[in-house]
Each structure stands twice: as structure tokens, then as C-alpha cells.
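Peer 1: Build the 3D model from these lines:
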Amino acid sequence: MNVSKLLIAASTAIVLTSQVVAEELKFANFTPPFHTINASVIEKLNNDLSAATNGSLTVRGYHGGELGSGPAEQYIRVLQGAADMAWGLPGYTSSQFGKTMIAELPGAIPEDMPGYQALWRAFDDNLSQEFPGTKPLALWTSEPNIFIMRDKVIRSPQDLKGLKVRVAGATAAEVAKALGATPVQMPISQVYNAMQTGLIDGVITGASTLKDFKLDEVADALTLGAPLGRLAFFTVLNAQVYSDLSADQQAAVDAASGAELSKSAEDAWLATANAALAAAREDSANAIVELTDAEKEAFTKAVSGVVNSYVKSVDGEDALAAMQGN
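Peer 2: Take a look at the predicted model:
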């Protein structure tokens, strides 16, 4: 074989080797590409991993349920290999995430404490077993939940009597019941139509949904300051996919995930929420209720038994203490 043929053969081998080593991870996103998750997690992961591996490891977002419809099935998609990575809410499958859901309880995480820090403090000893078959890359919480209502202004627990209020998971359902409302559990992607058609009267969730899911178009009353907890979120990677990566690629994933990625997501959620609330205040069609201390106390009293009862039901005393830094 002459030199030219050797060079051609070597070049071919290099190309084939790079094709084998290069990996594009499929990220399942059940929301549109304009949602806050895209820039704060999906694009950030792609940029960080690509930069750390000279382009051998990248992330591609599949938006709007392209890899499968149904937000509640996000974790299963990763386990079954339909996606390499996905984000979701523990609340959609609350029974799997009993201790993780403690983070959503009113007052479980102090308002001035970042939720992602609380979740990671509790992860190794208390939450890790709730994420089988995956490597969690990010855990974070939303801004404080508020009431987002249509044609109903909420100032006291009595105002909720007989109302159907959407909740994300089991803990929020207990809060809603304690306040006298009827909880309706459904994915946030269904809330717009449910509010528009009158199937529900409102929702307990963060203000970021006013923008991310366009709830500002169907809601006209917001109540701020009630102790309604937060929402929790995860981003996970299939554990076998992670194991099959090269050592350098694994190191890049490790460096790009954890607290840094979680902070990026939580900060982005807060920024979206603040912008959405500012826009809502400027709309004269909206009734914005900011509860007084006395009004807050009525809600606090109504939900006071929920936290201890739930924590006890999931044997979560240690998890709660870890989240709170105790």
C-alpha cells in the first residue's frame, strides 16, 4: 500500500472513530421552545458539554412533546430510552417521589433559602432512591406558588369554598383541601383550556406560568402571599447512557450538572416569574391581591397541619431536616 492509500485509510479511520465517539443526547421537552427550561437548562447543557468535549458530546432539545406526549411520562421516557434526558415535575407522579415532594410543602423550605440547595442537601441520604435508573443532573424549585384565578378573587380561605383548583401533585392537593377547595390534578399544559372552559376555577402554581403557559390570557385575578409552597423540578439522564460515555464525557457531564445547572434553572424561573408579575400588574383588567399579614395568618392557620401530617406519612423527618439545613 502506497503512502497516499495509507493517508486515505488513516483519514477514514479518524472519521469513523469520531463518529463512534461523538454523541448527541436527546432531551425530551414537553413544552414549546420558548419555555424557560430551554435557555436555562437545555441550551446551557449543550453549550457547556460541547465546549468541554470539543464537540464530541452535545444536547439536542426535542420540544413540544416530540419524543412522546404527556408530561407525566417524562421520567419513564428516559428509563425506556425514548429520550436520553428529560425534565419534569415530581408532582406528576407523586407516589414515586414521596420525600422529594416535601420541598413543595408550605414553609418546608424557608422563603429566603434557594430551593435547589435544599434539595441537593437532602439528595444523597434521603432522595436518591427516588430516582432509579437515572443520574439526576438538576433539582430545583419554582418561585412561591400563588393563586391564579378566573373570575374569582381570593382574599381568605372562605373564598375557596366550593372552587375547583388545579394542583400539580399530592402535597398541593392536601393544601387545597385544607383551604376548602376541591383539588384537580392535571399537567400544567392542560390548565389553559381547563380555565378557559370553566372546568377549573383557578390554579395553585408559580407566576412564571403566566408567561410560559400563557395563563395571563385566561386568568384575571392573582393572590400573592398565601403560604402555598413551591413546585419542585428535575432533569435526569439515563444511567446506562451515562455509563456508556467516555471518561472525559462523563467528567464533562459531572462538571456541567448539579448545583450550577440547578441554580441556572431556578434563577431563570424567578426571572420569568418577576417579569410575568410585572406585566400582570400593568394590565388593568387584572385584580391583584397582596395579602396583609392578618390575611396571611388565616391561610397559615388553615394549612398548619398539612406539613407535619405529610412528612410523617412518608417517613420524611430526616429529609425535611436536611432540606432545612438542620
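Peer 1: contacts and neighbour counts: CA atoms only from here.
Peer 2: Noted.
Peer 1: how many neighbours does Ala271 have?
Peer 2: Ala271: 15 surrounding residues under other Cα atoms under 10 Å.
Peer 1: Hmm, I typed the wrong one, I wanted Tyr116.
Peer 2: Tyr116 has 28 neighbours, counted by other Cα under 10 Å.
Peer 1: ok, the nearest residue to it once chain neighbours are set aside to Leu179 distance?
Peer 2: Nearest residue to Tyr116 in three dimensions, chain neighbours excluded: Trp140, at 4.1 Å (Cα to Cα, 6 or more residues apart in numbering). According to Cα to Cα, to the nearest Å, Trp140 stands 26 Å off from Leu179.
Peer 1: Pro71: what's it in contact with?
Peer 2: Pro71 makes contacts with 30, 65, 88, 92, 187, 189, as judged by Cα atoms under 8 Å, 6 or more residues apart in numbering.
Peer 1: where does this protein dip in pLDDT?
Peer 2: Applying pLDDT under 70 to the chain picks out residues 1-21.
Peer 1: show me where the stretch 151-300 of the chain has helices.
Peer 2: 170-178, 191-197, 209-212, 239-244, 247-256, 259-282, 293-313 (DSSP state H, counting those that start in this stretch).
Peer 1: Nearest to Pro136, out of the ones you listed?
Peer 2: helix 239-244 (9.0 Å; Cα to Cα).
Peer 1: What is that closest one packed up against?
Peer 2: Here helix 239-244 touches strand 134-141, going by 3 or more Cα pairs under 8 Å, 6 or more residues apart in numbering; DSSP states H and E.
Peer 1: Show me the contact partners of the strand it packs on.
Peer 2: Residues contacting strand 134-141 (Cα under 8 Å, 6+ apart): 78-79, 103, 114-117, 119-120, 230-240, 242, 257-259, 261-263, 265-266.
Peer 1: which of these count as buried?
Peer 2: Neighbour counting by 16 or more other Cα atoms under 10 Å classes 78-79, 103, 114-117, 119-120, 230-239, 242, 257-259, 261-263, 265-266 among the contacts of strand 134-141 as buried.
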